[in-house]
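Asker: Fold the following.
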Amino acid sequence: MPTSSAETDSRPVHLEIAGLSAGYGQAAVIRGIDLTVDREEVVSVVGPNGAGKSTLLKTVLGVLTPMEGTIRLDGSDIGGLRTDQIARRGVGYVPQVRDVFDPLTVRENLEMGGYVLGRRAAAERLEEIFALYPTLAAMRDRYGGHLSGGERKLLAVARVLMTQPTVLVLDEPTAGLSPQLAHQLLHEQVSRLAATGVAVLLVEQHARDALTISDRAYVLAAGQVVLMDRAAKLLEREDLHEIFLGRSVAAVE
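Answerer: Numbering: from 1, shown residues only. This next block holds a predicted model:
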């Protein structure tokens, strides 16, 4: 059982994972995962390479089918649905790589993000996104392949927001970015998204930075949750580095 000292929160659970096991073929990579993300909350998943973070995200997004357990969105089971069905239910995803269509302009990338909307709704949402991100509005005719790393990631996030998701899954969004751009993305963009009511599930390589913007965090090791706690309390721990590696799971005093 994972150790935890997180206080009970009265906010309604938006994304709830219970007893989740999944993997490839007959081999389970993650086992018995329990995890929740509420509205207006950033929840980080940290742990060493091979801990099962990618498998967890793939299962939430419908790429993998759960072997056991449930994934509920506002109380409705979405485990086993197709990726497009899950997206239509309100789950947005920003991948670590291949997050922008290089041959398309910024505007066209955003329009692709709103493909499930009607033409009028998509046009209205596009203008809302441009108002929210003036930087993208100024480069609306620039091709994705000509954007910098930070601009690409901003576009990737904005494209997902076209459908106004209620849950946003971010897979190492700062990968390949400079420390300054990584800090800016996490502290300005991700924090602002949560404040609008979106539930954010974040897997991030810069774990300490991720914790500074997170409400809670789960530590995965060998496919299991070994620790869950308030992010602020994890940041206070002297064995923080060992926690990220999944080696220290002692309860917080």
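Asker: going forward, measure contacts and count neighbours with C-alpha atoms only.
Answerer: Fine.
Asker: residues in contact with the helix or strand harbouring residue 93?
Answerer: Using DSSP states H and E, residue 93 falls within strand 91-94. The list of residues contacting strand 91-94 from outside it, by CA atoms under 8 Å, 6 or more residues apart in numbering, reads 61, 156-157, 160-161, 165-171, 173.
Asker: Is it correct that residue 78 is in contact with residue 87?
Answerer: No. If you go by CA atoms under 8 Å, residue 78 and residue 87 don't touch, sitting 10.4 Å apart.
Asker: could you pull out the strands for the stretch 101-250 of the chain?
Answerer: Using DSSP state E, counting those that start in this stretch, the strands of the stretch 101-250 of the chain run over 167-171, 199-203, 216-221, 224-230.
Asker: that older thread, ok now the strand holding residue 93, how far from the chain's centre?
Answerer: 7 Å (CA atoms, centre = their mean, to the nearest Å).
Asker: ditto for stretch 113-131
Answerer: Using CA atoms, centre = their mean, the offset of stretch 113-131 from its chain centre is 22 Å.
Asker: OK, contacts around the nearest residue to residue 28 once chain neighbours are set aside?
Answerer: The spatially closest residue to residue 28, leaving aside those adjacent along the chain, is residue 22, at 5.1 Å (CA to CA, 6 or more residues apart in numbering). Counting by CA under 8 Å, 6+ apart, residue 22 touches 28, 29, 30, 31, 55, 56, 59, 64, 65, 66, 67, 68.
Asker: Neighbours of residue 179, how many?
Answerer: 12 (other CA atoms under 10 Å).
Asker: typo on my end, residue 16
Answerer: 18.
Asker: so when I look at it, I'm seeing a strand, right?
Answerer: Yes. According to DSSP: H, G, I helix; E, B strand; the rest coil, the state of residue 16 is that of a strand.
Asker: so where does residue 85 fall, helix or strand?
Answerer: Per DSSP H and E, residue 85 falls inside helix 83-88.
Asker: List phi and psi for the residue nearest to residue 28.
Answerer: With angles defined as degrees, to the nearest 10, residue 22 sits at phi -160, psi 160.
Asker: returning to what we had before: using a markdown table, please lay out the strands of the stretch 101-250 of the chain together with mean neighbour count, mean pLDDT and distance to residue 105.
Answerer: Putting the strands of the stretch 101-250 of the chain into a markdown table (neighbours: other CA atoms under 10 Å; pLDDT from 0 to 100; distance: least, CA to CA, whole Å) gives the following:
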| stretch | mean neighbour count | mean pLDDT | distance to residue 105 |
| --- | --- | --- | --- |
| strand 167-171 | 23 | 93 | 23 |
| strand 199-203 | 26 | 95 | 27 |
| strand 216-221 | 26 | 93 | 36 |
| strand 224-230 | 22 | 93 | 40 |
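Asker: The ones you listed: which one's closest to residue 82?
Answerer: Nearest of the strands of the stretch 101-250 of the chain to residue 82, taken as CA to CA: strand 167-171 at 15.9 Å.
Asker: what pairs with the closest one, and is each one parallel or antiparallel?
Answerer: strand 91-94 (parallel), strand 199-203 (parallel) (DSSP bridges).
Asker: would a markdown table of the ones you listed with distance to residue 74 be doable?
Answerer: Output for the strands paired with strand 167-171, formatted as a markdown table (distance: least, CA to CA, whole Å):
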| stretch | distance to residue 74 |
| --- | --- |
| strand 91-94 | 11 |
| strand 199-203 | 11 |
